[in-house]
Every structure is written in C-alpha cells, then in structure tokens.
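1. take this sequence and fold it.
(2 chains)
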2 protein chains.
Amino acid sequence: MAAELLALYGYWRSSAAYRVRIALNLKGLAYEARPVHLLRDGGEQHAPAYRALNPQQMIPCLRDGERVITQSVAIIEYLEEMHPEPPLLPADARSRARVRALALAVACDIHPLGNLRVLQYLQAGLGADDAQKLAWSRHWIEAGFDALEALLASNSATGRYCHGDLPGLADACLVPQVYNALRWQLSMERWPTIARIHAACNELEAFQQAAPERQPDAP
Amino acid sequence: MAAELLALYGYWRSSAAYRVRIALNLKGLAYEARPVHLLRDGGEQHAPAYRALNPQQMIPCLRDGERVITQSVAIIEYLEEMHPEPPLLPADARSRARVRALALAVACDIHPLGNLRVLQYLQAGLGADDAQKLAWSRHWIEAGFDALEALLASNSATGRYCHGDLPGLADACLVPQVYNALRWQLSMERWPTIARIHAACNELEAFQQAAPERQPDAP
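-> Coordinates of the predicted model:
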C-alpha cells in the first residue's frame, strides 16, 4: 500500500501555517493542502469535523496517516525527527538551542499578540478602534524585531540565514513574521539583518511556494 | 578544574523561569540562582550587564560555562540533549510531538498574553483599568485551559501527568500557568484533568522546590 500523503490543515494567511509550509518545502515533502477558513461561518476551525481532529480548534495541524500533530513548532520538530534530511536544526546542542530560541522569540514573543482573536478582543472587550489595533500590532512586532535584530546582529553564528548558511527552523518562523510586518506597513530599514535574511530566504523556491498568495485558498 | 555550576537568571514569579527550575530539578541538576528583578529600577533585565548576556532583555536565561541559552522551552530542550536522564520527552516521535504541542499550547497560546509588559501596554496605551486587565488575564487562561483540557481529556496517552506516568516538558509548562490562574482567582473546577495533573505534580519535590515562594528573591 502506498504511503498516505501528509495533509496540512491551514489557512493561506496564517503565519503559523506558513511556517509549516516552508518546513515541508525545505524538506521536499509532498503534502495535500486542506484549507480551514478562519473567518467563514464563525470560523471553520470551530466546526465539529475540525474539532474532532484538533480539540484546540486552532490551525495548523498536520495529519500523517493516523497521527495528528498540532502546534507549528512541534510539527516542524516532528518533521525533523521523521525526515532528518535536509536538517532544519544544526547538529550540536548549543547551536540547536540558539535556533530554537530564535524561533520561539517569534512564536512566543511576537506572533501570539498579533493574532486575529486578540485583535477581536481588543475591539469587542476594550473598545479599541482600527488605529489602536494597528498601533498594537506594530508595537509588538517592533519590540520583537528590535530584540531579534540584536540577537542576530550580535552573534557571529548568524550567516546568510538566521544560523549559518542553511535555512532552518528559525528562518521558517521569521519570514512569515516579516510578511505580517509588511502587511502592517512597517519599514524594515530599522532591522537590516532581519531584512537581509528575509530577502535571502525569499530567493529560495521553498519559501516562494509557501507564500500566502500562492496558496489554493488565497482570494 | 571542576565544572562550573549552571546559572539560571530568573525572577521568582516569572512563569517562564519557573518552568526551567522545574526541569532542572527533575533532572537533578544543581544550579546557582541569579535573580533579575523585573520591576526594580525600570527592570534589571534592561540593565547593561544583563543586556550583554541576553540582548533580548528577557528572562529566563541559562549560563552553562561560556554558553548562554535563552527562551524557556529552548533551555529545557537543551537540558534534555545535554543531560538525557531522566527524560522530559518520550522516546517516539509521535509522543514527543504531543508533549511539545501541549507545552506550546501554554507557552505560545496562553502565557504571552498575560505577561507584565502586555498588561502595562493595556493600561498605558488603551486606558484599561484594573478590572479590565484582570478580565483580560482571565480570558486568555480560560480559553487556553478549555483547549488544553479538551486535548488532555480526549487522549488516552494522558496519564498521571500530561503524558503517561512520568513528568516532563508539558508538566513543566502547565504547573506555572496554573499558579497564574490561581493568582487571578480562577476556580480550577472547570478543568478537572488539568487540576488533577497539577496536584500530582505538586506532590513531587522537584515541583515544590521550584515554586515561586521558595525562591531566594521572593519577598
């Protein structure tokens, strides 16, 4: 029996799903895209069919045969363990920790604050208007990118990509966050190292094909 | 020359530092506590001495000889790679992914929204009063714990702890988040599985000794 294709449940503009698409492409893994529309009908992620798959009712989630894996960073670590080549983490523990820390500086310290559900709460619960929501989104990206720029620029392990000259987990998290920054009209001039790495990544087919606009559910 | 002691830069009440203390204790690793006071003098994490160690100006960070590791989850993964016994992650890729996903459901989806800097912005930038800040903190814990409870209660891999009958990475993230929930006077009755695991963890010396009130910088 032929191996079942991996299936990625995601949304074109979700930056967590975008990370996983990059990782799948970097590893050359074919997968089936299963779009989950976050806005239609109150959010398809809350519908019973998806809820049965992921009780957390969030995307992305990856189906590998009978296995269902959630959380983008956990999914990428899983792919790394199941399909080690090409590696998305370096070989030694110190460098692996550095790459994971860079990835989590995006995944824990920037991205959660700009999520759709958070902006919805700011509006409904605290009466924030569009300008205040935009200022909020920009503020956390700016604070996070200031920190990331310092981490990247101050360390000689930074190369063409976040760590050395091979793209990996940290780049897979960084590029979707830059996509969001540009969406909120932030100028990347303030963060030259991030901007340079972003440009280098986007020269690669794996990153280009993962871009939101290239997804089947993009409008 | 004797090996230098690990040094953990943290703050008694930081739930990210609390996670790392649990992991160090579970592994039986001795370490030196280096308190960084997040509120004194505009935040000691912004002072030049700490900034040189961690340009991100956040805690915790772990010093292992010349190595500086940041981000609590990356620190715990590093400890796991350097000191594999006792393991904080299961052996097989599927189970490892589950434990990481549970940990990240706290570290990405709950904790970042309740951080001090976020509450400060809500007040200064959006004029939120104390009641609104409390409602905010509770809201994200409730949403996150509803999701976690569903993930834990629906899966037969959940045991005495988040995954099976050995405490690990997911428990190290969960227990500090329950500490925060109790601090905001949330009743844990709504989440019986989380409450049960929390109680089981706190029977262990490793968790007890990591508690905020037991730290040298606790008031």
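2. now do the helices in chain A.
-> A:15-26, A:48-53, A:72-82, A:93-107, A:116-126, A:130-153, A:169-183, A:192-201, A:205-208 (DSSP state H).
3. comparing those helices, which comes out most buried?
-> Comparing the helices of chain A by mean neighbour count (mean count of other CB atoms under 10 Å in any protein chain shown), helix A:15-26 ranks first with a mean of 26. Just so you know, the C-beta spots here come from the backbone N, C-alpha and C atoms, and that holds for glycine as well.
4. sorry, back to before: which one of the helices of chain A has the poorest average confidence?
-> Comparing mean pLDDT across the helices of chain A, the weakest is helix A:48-53, with a mean of 89.
5. ok, residues contacting it?
-> A:9, A:36, A:44-45, A:57, A:61, A:63, A:68 (CB atoms under 8 Å, 6 or more residues apart in numbering or on different chains).
6. which single one of these is nearest to residue B:159?
-> Residue B:159 lies nearest to residue A:68 out of the contacts of helix A:48-53, by CB to CB, at 19.1 Å.
7. so how far is residue A:156 from the closest one?
-> Residue A:68 sits 40 Å away from residue A:156, going by CB to CB, to the nearest Å.
8. again, but for residue A:149
-> 15 Å.
9. which residues does the closest residue to residue A:122 other than its chain neighbours contact?
-> Sequence neighbours aside, residue A:128 is the residue nearest to residue A:122 in space, at 4.0 Å (criterion: CB to CB, 6 or more residues apart in numbering or on different chains). Residue A:128 makes contact with A:122, A:136, B:126 under the criterion CB under 8 Å, 6+ apart.
10. do that again at 10 Å, thanks
-> Residues near residue A:128 by CB atoms under 10 Å, 6 or more residues apart in numbering or on different chains: A:119, A:121-122, A:134-136, B:122, B:125-128.
11. please report phi then psi for it.
-> With angles defined as degrees, to the nearest 10, residue A:128 sits at phi -70, psi 140.
12. report the contact partners of the closest residue to residue A:139 other than its chain neighbours.
-> Nearest residue to residue A:139 in three dimensions, chain neighbours excluded: residue B:121, at 6.8 Å (CB to CB, 6+ apart). By CB under 10 Å, 6+ apart, the contact list for residue B:121 reads A:113, A:135-136, A:139-140, A:143, B:115, B:128.
13. as JSON lines, these with distance to residue B:21 would be great.
-> Output for the contacts of residue B:121, formatted as JSON lines (distance: CB to CB, whole Å):
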{"residue": "A:113", "distance to residue B:21": "25"}
{"residue": "A:135", "distance to residue B:21": "36"}
{"residue": "A:136", "distance to residue B:21": "32"}
{"residue": "A:139", "distance to residue B:21": "30"}
{"residue": "A:140", "distance to residue B:21": "27"}
{"residue": "A:143", "distance to residue B:21": "26"}
{"residue": "B:115", "distance to residue B:21": "18"}
{"residue": "B:128", "distance to residue B:21": "31"}
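14. nearest to residue A:84, of those?
-> Once CB to CB is applied, the member of these that ends up nearest residue A:84 is residue A:113, at 33.0 Å.
15. how much space separates the closest one from chain B?
-> For residue A:113, the distance to chain B (CB to the nearest CB, to the nearest Å) stands at 6 Å.
16. returning to what we had before: between residue A:68 and residue A:156, tell me which one has more neighbours.
-> residue A:68 (19 against 5; other CB atoms under 10 Å in any protein chain shown).
17. re earlier: in strands, which of the contacts of helix A:48-53 fall?
-> With DSSP state E as the criterion, strands contain A:9, A:61, A:63, A:68 from among the contacts of helix A:48-53.
18. so the last one touches residue A:54, yeah?
-> Yep, that's residue A:68 we're talking about. Yes - with contact defined as CB atoms under 10 Å, residue A:68 and residue A:54 form a contacting pair (6.6 Å).
19. what do the two both touch?
-> With contacts taken as CB under 10 Å, 6+ apart, residue A:68 and residue A:54 have A:9, A:61, B:101 as neighbours in common.
20. dump the residue contacts of the residue lying closest to residue A:109 once chain neighbours are set aside.
-> In space, and not counting its chain neighbours, residue A:109 is closest to residue A:144: 5.3 Å by CB to CB, 6+ apart. Contacts for residue A:144 (CB under 10 Å, 6+ apart) come out as A:105-106, A:108-111, A:113-114, A:177, A:181, A:191, B:56.
21. thinking again about what came up before, columns pLDDT and distance to residue B:211 on top of the ones in strands among the contacts of helix A:48-53, output as JSON lines?
-> Shown next, in JSON lines, are the ones in strands among the contacts of helix A:48-53 (pLDDT from 0 to 100; distance: CB to CB, whole Å):
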{"residue": "A:9", "pLDDT": "97", "distance to residue B:211": "38"}
{"residue": "A:61", "pLDDT": "96", "distance to residue B:211": "34"}
{"residue": "A:63", "pLDDT": "97", "distance to residue B:211": "39"}
{"residue": "A:68", "pLDDT": "95", "distance to residue B:211": "34"}
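22. which of those lies closest to residue A:29?
-> residue A:63 (12.9 Å).
23. thinking again about what came up before, what's the closest of the helices of chain A to residue A:163?
-> Closest to residue A:163 of these, according to CB to CB: helix A:93-107, at 5.0 Å.
24. are that closest one and chain B in contact anywhere?
-> Yes - using CB under 10 Å from any CB of the partner chain, helix A:93-107 reaches chain B at A:93-94, A:96-105, A:107.
25. between that helix and helix A:169-183, how many degrees?
-> For helix A:93-107 against helix A:169-183, the angle by axes from the mean of the first three to the mean of the last three CA atoms, to 10 degrees is 20 degrees.
26. just the CA coordinates for helix A:93-107, please, in CSV.
-> Output in CSV follows, covering the C-alpha atoms of helix A:93-107 (Å, rounded to 0.1, in the frame of the first residue of the first chain):
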residue,chain,number,x,y,z
ALA,A,93,23.2,21.2,21.2
ARG,A,94,24.4,24.7,21.7
SER,A,95,23.5,25.7,18.1
ARG,A,96,20.2,23.8,18.2
ALA,A,97,19.3,25.8,21.4
ARG,A,98,20.2,29.1,19.6
VAL,A,99,18.0,28.2,16.6
ARG,A,100,15.1,27.1,18.8
ALA,A,101,15.4,30.3,20.9
LEU,A,102,15.3,32.5,17.7
ALA,A,103,12.2,30.6,16.5
LEU,A,104,10.5,31.0,19.9
ALA,A,105,11.4,34.7,20.0
VAL,A,106,8.9,34.9,17.1
ALA,A,107,6.5,32.1,18.1
